[in-house]
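Asker: 3D, please:
(chains A and B)
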2 protein chains.
Amino acid sequence: MPDSMLEQVKAYLTNLQDQITEALEQADGSGQFTEDAWQRPGGGGGRSRVLRDGAVLEQGGVGFSHVYGEQMPASATAHRPELAGRNFNACGVSLVMHPRNPYVPTSHANVRFFIAEKADAEPVWWFGGGFDLTPFYANDEDIKHWHQVAYEALQPFGNDLYPAYKQWCDEYFYLKHRGETRGVGGLFFDDLNERGFDESFAIMRAVGDAYLAAYLPIISRRKDMPYGERERQFQLYRRGRYVEFNLVWDRGTLFGLQTGGRTESILMSMPPLVRWEYGYQPEPGSPEARLYEDYLRPRDWLAEL
Amino acid sequence: MPDSMLEQVKAYLTNLQDQITEALEQADGSGQFTEDAWQRPGGGGGRSRVLRDGAVLEQGGVGFSHVYGEQMPASATAHRPELAGRNFNACGVSLVMHPRNPYVPTSHANVRFFIAEKADAEPVWWFGGGFDLTPFYANDEDIKHWHQVAYEALQPFGNDLYPAYKQWCDEYFYLKHRGETRGVGGLFFDDLNERGFDESFAIMRAVGDAYLAAYLPIISRRKDMPYGERERQFQLYRRGRYVEFNLVWDRGTLFGLQTGGRTESILMSMPPLVRWEYGYQPEPGSPEARLYEDYLRPRDWLAEL
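Answerer: Below is the predicted model of the structure:
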């Protein structure tokens, strides 16, 4: 049974990676993804696809991986540390888009599936995933659209999922040392198995399938907006928060780096160019100040916007 | 007794910060340090000094801090977790210099002093510190000079200190996820108290006092070397390793960020501009390849160069 579950999920994930890279190439209009296939010495491997120096995307990475091994790390599951040490299979698709135009937000999505097994016990499996949006110059129309797509993707599974996963996203993508959310959120879930395999898998697919519908219209609307050095510098500065989140707080990144994952694939999420500035404060009343004041905190976007 | 120890160390540290910022301003010839004094809500505070857009230094930060509180974190001492939870005083000077010219290496230094106390027990105190060099285009003469100054600073305290602290530095400033040392090392020590207060303090002073003698001649020799876009791009790329080390592996940085330290002062170490590039490999036989092949691993520089 775990084998057929795994094969179904892998078939979906590799297809999702294909769909997303094709659609983003089309949206970019100029850049193309190049692929590195890699193998993990401990078991498994993946295919990492990166687009660089596109017309729209300064850099985008979409990775598929399926890794397995004999000792599942405790960090693989937030709520079931008792599964650490089991045989495991983990597969997923993970992506980050760093657009060139500061009016196009950065976006991230991930969907994943784990199976943990040991002799003389039922296999344990779960799904996780989500997507979240990180604007530099936030636009209410974009944010409402992003959350509307998230809401509609989960509506078939009941009214409680969107609010729960939206809140989980706000809590997970939080830079405690800055007192800021990473961006305007979206969805995040983990440890999903209580609805059985078929429905849990369907929820993961709904999230994976919704990403392009959530992001592509925002690209279209913003990619040709004129901008200057001021907006570019703010974008580079705010990208520093992305680096800080991923390297200081993100469980997956830290786990990967500290336990011998493929560094280049893990750090495919790093922005191509980043700036830090000691003591930066946005000018009061500026569009930059508005990001901090109105957007980098949990809000009920669908009700308020 | 702890009070007078603390006052002696603080007097040294504030003076060291003054000396270093004055000497570096002079070496820069154009940039000036500006100071932020800050207070820590839980107890204590500091003065952070930053020089930006200098002729030599693209950015440099030199921080002094003295913080105290009622619950020492376990991460404050590597080898004495049993002291966690005591009242503590911690003071230190920490600095990172990010030069503009890629032929001038990045440098870092830190000296620190801790006292942990509880009722009905002897106070426990210790010193820590060190300095390390991170070249982009490594130069044997510079590295030999750097380690020679380190060696001579510790010679008055016996033959065993330099090799021990040099090895500790190689081990501490190691990017496990890259299989690279951060640079060509220097000195690192922690938990020093077994020689008594006077000699331990003298060792910390020897290290703190040696930093300028180690770094200034390297600045002088390299600051006017011509360079182009290729060297600049490699410098920006390699600065990414600095970010990765500080945010993923450095105990002090992580502890500070995760427990409510002053974020801007902790991240004063971040480079002003940084680049990541997926799958970068230096061209075989190039000066960039030479850095990886010959320098980013532990070597007995004084014997080999």
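Asker: can you list the residues of the stretch 1-150 of chain A near chain B?
Answerer: Residues of the stretch 1-150 of chain A lying close to chain B by CB under 8 Å from any CB of the partner chain are A:Asp36, A:Ser48, A:Val50, A:Arg52, A:Gln59, A:Gly61. Backbone N, C-alpha and C define where each C-beta goes, glycine included.
Asker: 7 Å - rerun?
Answerer: Contact residues (CB under 7 Å from any CB of the partner chain) of the stretch 1-150 of chain A with chain B: A:Asp36, A:Val50, A:Gly61.
Asker: for the residues you listed, which one is nearest chain B?
Answerer: Among these, A:Val50 lies closest to chain B (CB to the nearest CB), at 4.7 Å.
Asker: Looking at the stretch 51-200 of chain A, which residue is nearest chain B?
Answerer: Taking CB to the nearest CB, the stretch 51-200 of chain A has A:His177 as its residue nearest chain B, at 4.1 Å.
Asker: That residue belongs to a strand?
Answerer: No. Applying DSSP: H, G, I helix; E, B strand; the rest coil, one finds A:His177 to be coil, outside a strand.
Asker: Now it. Nearest residue, chain neighbours left out?
Answerer: Closest residue in space to A:His177, ignoring its immediate chain neighbours: B:Leu257 at 4.1 Å, by CB to CB, 6 or more residues apart in numbering or on different chains.
Asker: Model confidence score at the one you found, please.
Answerer: B:Leu257 is assigned a pLDDT of 80 by the prediction.
Asker: Pretty sure A:Met204 sits in a helix.
Answerer: Yes. Under three-state DSSP, A:Met204 sits within a helix.
Asker: in which helix or strand would I find A:Gln26?
Answerer: helix A:2-28 (DSSP states H and E).
Asker: Partner strands of the helix or strand just after that helix, with direction?
Answerer: Next along the chain after helix A:2-28, taking DSSP H and E as the criterion, comes strand A:33-39. When pairing is defined by DSSP bridges, strand A:33-39 lines up against strand A:44-52 (antiparallel).
Asker: tell me how far the partner strand is from the chain's mean position?
Answerer: 15 Å (CA atoms, centre = their mean, to the nearest Å).
Asker: how about the CA coordinates for the lowest-mean-pLDDT helix or strand in chain A, as PDB?
Answerer: Sorting the helices and strands of chain A by mean pLDDT, DSSP states H and E puts helix A:251-258 at the bottom, at a mean of 80. Extracted in PDB, the C-alpha atoms of helix A:251-258 (Å, rounded to 0.1, in the frame of the first residue of the first chain):
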ATOM      1  CA  ARG A 251      12.700  24.100   9.500                       C
ATOM      2  CA  GLY A 252      13.100  22.500   6.100                       C
ATOM      3  CA  THR A 253      16.100  24.700   5.100                       C
ATOM      4  CA  LEU A 254      17.900  24.300   8.400                       C
ATOM      5  CA  PHE A 255      17.300  20.600   8.500                       C
ATOM      6  CA  GLY A 256      18.500  20.100   4.900                       C
ATOM      7  CA  LEU A 257      21.700  22.200   5.500                       C
ATOM      8  CA  GLN A 258      22.500  20.600   8.800                       C
END
